[in-house]
Every structure is written in structure tokens, then in C-alpha cells.
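1. Okay, here's the prediction I keep looking at, along with the sequence it came from:
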Amino acid sequence: MTTQHQSPETYTDRVLNFTIPSRSARGRIVRLDAVLDEILSAHDYPPAIAHLLAEAVVLGALMGGLVKEDGAQMTMQAQTEGGVVRLLVCDFREGELRGYVDFDRGRLASLGANPSLFALFGKGYLAITFDRSEGAGRYQGIVPLEGDSLAAACESYFAQSEQVPTLIRAAIHRSGGRVVSAGMLLQHLPDGEEGRERLHVRMDHPDWEHVSVMGGSIRHDELLDPALSMDALVWRLFHEEDQVRILPGAKLSRGCRCTLEHYSMLLDRFSVEERSEMADDDGLIQVDCAFCAKAFPIPA
């Protein structure tokens with residue numbers, strides 16, 4: 001195998017992109033450490049919810065950069081009526097990640113230590129939205145929240161909404177109260193089809209079958225190993241290919257976009273009377289950011 005590198009090896013909190021030209025395949029690997037810790041530390045999430053959000057955030061990092069325009073945003077939202085988890089949302093924009101889970105703490109306690117996805121959501125759905133920049137529009141796909149994981153639901157999204165053969169693997173590990181996560185996304189784009197209507201998608205294409213078998217062999221401990229660079233992971237999986245091109249992607253950060261100015265502008269849309277009803281005894285409207293848990297007291 002020959003490889004093409006454009007920077008030192010990548011270990012954590014940065015996306016690694018790669019392509020396998022002879023197989024018409026592309027992939028992304030990510031490992032989250034400090035960024036994930038910052039996102040989770042905003043709330044006192046129980047282990048099961050922290051695990052769920054860790055998976056969602058790593059999936060957001062994998063999918064978010066698939067739209068290349070500056071300012072584009074990917075939002076993933078999982079929701080159900082009457083489920084233990086009322087809402088899970090995360091988004092990605094230019095390397096900035098954020099995520100939040102709203103859940104019923106009392107009902108969660110009755111589910112035990114490792115509740116299944118169905119136990120958390122019941123009959124839910126997953127919506128994935130790509131907002132393109134500069135008025136280029138948006139597109140959204142909605143799929144049932146089925147399978148054993150969010151990763152499986154995301155695979156269904158690409159198969160049903162985008163007709164792109166896709167394999168996704170995610171791994172989460174908790175040790176001493178600290179959570180790390182990692183993931184890999186592989187896709188088949190035969191005949192230079194990226195950006196074009198895909199009229200002849202073949203989930204059984206021999207090149208895709210080969211790549212998906214190789215990619216599917218990756219182990220969770222390999223994805224999470226802090227001593228193993230993501231470049232080395234790609235080599236382990238695809239060292240028999242003629243060529244693999246490696247291109248480090250965006251450096252990742254926790255990117256909550258809440259500001260006093262933003263919330264003041266939103267409140268300006270309400271009448272004076274409505275703002276007075278929202279205010280406390282001190283004449284302040286208390287606005288809390290669900291993502292980062294910051295409080296913004298704003299004069300009514």
C-alpha cells in the first residue's frame with residue numbers, strides 16, 4: 001500500500017479523512033477526548049445518558065463534515081412521544097460540536113444500568129438535517145429509531161435518504177467517571193458519483209463488499225486506543241490496497257453559540273407585556289442554555 005499524508009499523525013479531537021481510489025470509497029475516523037469531556041460536563045448526566053450522548057456526538061463529528069461548504073451545519077435529532085428520553089440533539093458546524101439530552105430521570109432509574117435503545121426511546125425517530133451555507137438550501141431525512149444503536153439508525157438514514165452504501169462503527173468507554181468515544185464512517189461512491197444523482201446504487205457492489213468487510217473488522221478497543229494513531233488504524237484495515245489517501249480534517253472543539261446578544265435579540269421579538277410576564281421579581285428574564293447550562297439574566 002502507498003499512502004499520502006499531509007500532516008503528522010492524528011490521535012484525538014480531530015477528524016481524519018481518507019479515500020481508497022481503486023475502490024471508490026471514502027472514510028472518516030474520529031476519536032473524542034477533551035472535547036467530549038467538555039460537552040458532557042455541562043450537565044450531571046447519569047452513565048446511560050452520558051453513553052448515549054457520547055455516541056451521538058461522535059456520529060455528529062463523523063457526518064458533519066460530509067458537506068464541505070464553509071458555514072454548513074449538520075443537526076441530528078432523536079425524539080419520541082412518551083419515551084424516557086424526550087429529546088436528543090447534537091450539531092456540527094465547521095469543527096464545532098455541541099449536544100444535549102432531555103430525559104425523565106425518575107423513569108430512567110427504573111430501567112437498570114444498561115438500557116437498550118428501545119427502552120430509552122420506545123418508538124422514536126431520527127432526523128438528520130444538512131443546512132448548506134449562503135442560502136444553498138437544506139435537506140433532511142427521517143428514519144425510524146430502530147436497531148441496537150444510534151449508529152445503526154444513521155446507517156439506515158444513508159441507505160434510505162441518500163442511497164449511499166455506508167458502514168458506521170462507534171465505540172464508547174467510561175473509566176473513573178471519564179468518557180471517551182471514537183468512530184469510523186465508510187461510504188461507497190462509485191464512478192465519481194459524489195454530488196450527483198445516484199441512479200444505480202448497488203449495495204452488493206464487489207468493491208463495497210470488500211471495503212465494508214475490511215472496515216467492519218475494526219474492534220472497539222482499536223478505535224479507542226489512545227496510543228494508536230488514526231493513521232495507523234487506516235493502515236491496519238487497508239494496507240493491502242494499492243493506494244490510500246489520508247487528509248486530516250477539522251480540529252474539533254465544543255462550540256456552543258449562546259451569547260447575551262443572541263438571546264436579547266430573540267426576546268426583542270416579544271411585546272413589552274409578554275417580556276414583563278417572563279421576568280422575575282428583579283425584572284430579569286432568566287434564560288438558560290440547554291447545551292452548555294450557562295444562565296443569562298436579561299432585563300425585561
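-> Nice, I can see it.

2. What sits closest to residue 80 if chain neighbours are left out?
-> Spatially, and ignoring its direct neighbours in sequence, residue 80 is nearest to residue 124 (3.3 Å; CB to CB, 6 or more residues apart in numbering). Bear in mind the C-beta positions are built from the backbone N, C-alpha and C, glycine included.

3. Same check on residue 140?
-> Nearest to residue 140 is residue 129, by CB to CB, 6+ apart, at 4.3 Å.

4. pretty sure the residue nearest to residue 80 contacts residue 78?
-> Yes: in this structure residue 124 lies within contact range of residue 78 using CB atoms under 8 Å: 5.9 Å.

5. Need the residues touching each of those two.
-> Residues touching both residue 124 and residue 78 by CB atoms under 8 Å, 6 or more residues apart in numbering: 85, 145.

6. rewinding a little: which neighbouring residues are in contact with the residue nearest to residue 80, exactly?
-> Going by CB under 8 Å, 6+ apart, the list of residues near residue 124 reads 78, 79, 80, 83, 85, 144, 145.

7. neighbours of the second one, just the number please.
-> To tie it back to what came earlier, the one meant is residue 79. If you count neighbours by other CB atoms under 10 Å, residue 79 ends up with 17.

8. did I read that right, residue 74 in a strand?
-> Yes: judged by DSSP: H, G, I helix; E, B strand; the rest coil, residue 74 forms part of a strand.

9. can you pull the contacts of residue 11?
-> With CB under 8 Å, 6+ apart, residue 11 has these contacts: 31, 226, 229, 230.

10. Same question for residue 228.
-> Residue 228 neighbours (CB under 8 Å, 6+ apart): residue 222.

11. repeat for residue 247
-> 6, 16, 17, 18, 19.

12. In terms of pLDDT, where does residue 101 sit?
-> Listed pLDDT for residue 101 reads 95.

13. pretty sure it is touching residue 87, no?
-> Yes: contact criterion CB under 8 Å: residue 101 and residue 87 qualify, at 7.2 Å.

14. More neighbours: those two, which one.
-> Taking neighbours as other CB under 10 Å, residue 101 and residue 87 compare with residue 101 leading, 22 against 15.

15. so that one bridges to which residues?
-> Under DSSP bridges, the beta-bridge partners of residue 101 are residue 88.

16. How much space separates it from residue 54?
-> Distance of residue 101 to residue 54, given as CB to CB, to the nearest Å: 10 Å.

17. cool, and residue 40?
-> 7 Å.

18. same check, this time on residue 23
-> Taking CB to CB, one finds residue 23 at 30 Å from residue 54.

19. Same check on residue 20?
-> 28 Å.

20. try residue 207
-> Counting by CB to CB - residue 207 and residue 54 are separated by 32 Å.

21. so where's the stretch 101-250 of the chain uncertain?
-> 134-136, 190-203 (pLDDT under 70).
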